[in-house]
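Trainee: Prediction below, plus the sequence it came from.
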Amino acid sequence: MTEQPEAASAPAADSAFDAQRRATELAILDSLRAVVDPEIGMNVVELALIRQIILGPDSTEIKMILTTPFCPYAGAMIQQVKEQAESVVDHDVKVTLLAERWDPKDAGLMW
């Protein structure tokens, strides 16, 4: 029996998919289901307000949008998103608001 070169087992380590990272992203998303937009009565995940989760070794950033540019609950929702995400990861979470407009169709809502 011949030995295979070390490179033969390397592709798994070089894979772009990181199962642990994805599990953490999903855990954060699951925790964010507790953050409900009081005016609409749906959570920020169902409303498709969470646009991106950037996981780092010492910090995490969540990029999100609001349902309206002048949402009266923006401050409370941002704080809840931060707290819920920090309940999953062991470091600081920064929440960044994007200027992108929310479209109800993104959440499957048809007005």
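Mentor: In hand now; what should we look at?
Trainee: count of neighbours near Gly75?
Mentor: 9 (other C-beta atoms under 10 Å). In this view, the C-beta of every residue, glycine as well, is placed from N, C-alpha and C.
Trainee: same question but for Leu32, I mixed them up
Mentor: Taking other C-beta under 10 Å as the criterion, the count of residues near Leu32 is 22.
Trainee: Same question for Ala85.
Mentor: Per other C-beta under 10 Å, the neighbour tally for Ala85 reads 25.
Trainee: Correct me if wrong: it contacts Thr60.
Mentor: Yes - between Ala85 and Thr60 there is a contact at 6.3 Å, judged by C-beta atoms under 8 Å.
Trainee: tell me, what's touching these two both at once?
Mentor: Common neighbours of Ala85 and Thr60, counting by C-beta atoms under 8 Å, 6 or more residues apart in numbering, are 28, 53, 93.
Trainee: Give me the subset of those residues that lies in strands.
Mentor: Among the shared contacts of Ala85 and Thr60, DSSP state E puts 53, 93 in strands.
Trainee: of all the shared contacts of Ala85 and Thr60, which comes closest to Asn43?
Mentor: Asn43 has its nearest neighbour among the shared contacts of Ala85 and Thr60 in Ile28, at 13.0 Å by C-beta to C-beta.
Trainee: ok, now how distant is the closest one from Gln79?
Mentor: Ile28 sits 16 Å away from Gln79, going by C-beta to C-beta, to the nearest Å.
Trainee: Looking at these two, which one has more neighbours?
Mentor: Shown here are Ile28 and Gln79; by other C-beta under 10 Å, Ile28 has more neighbours (23 against 12).
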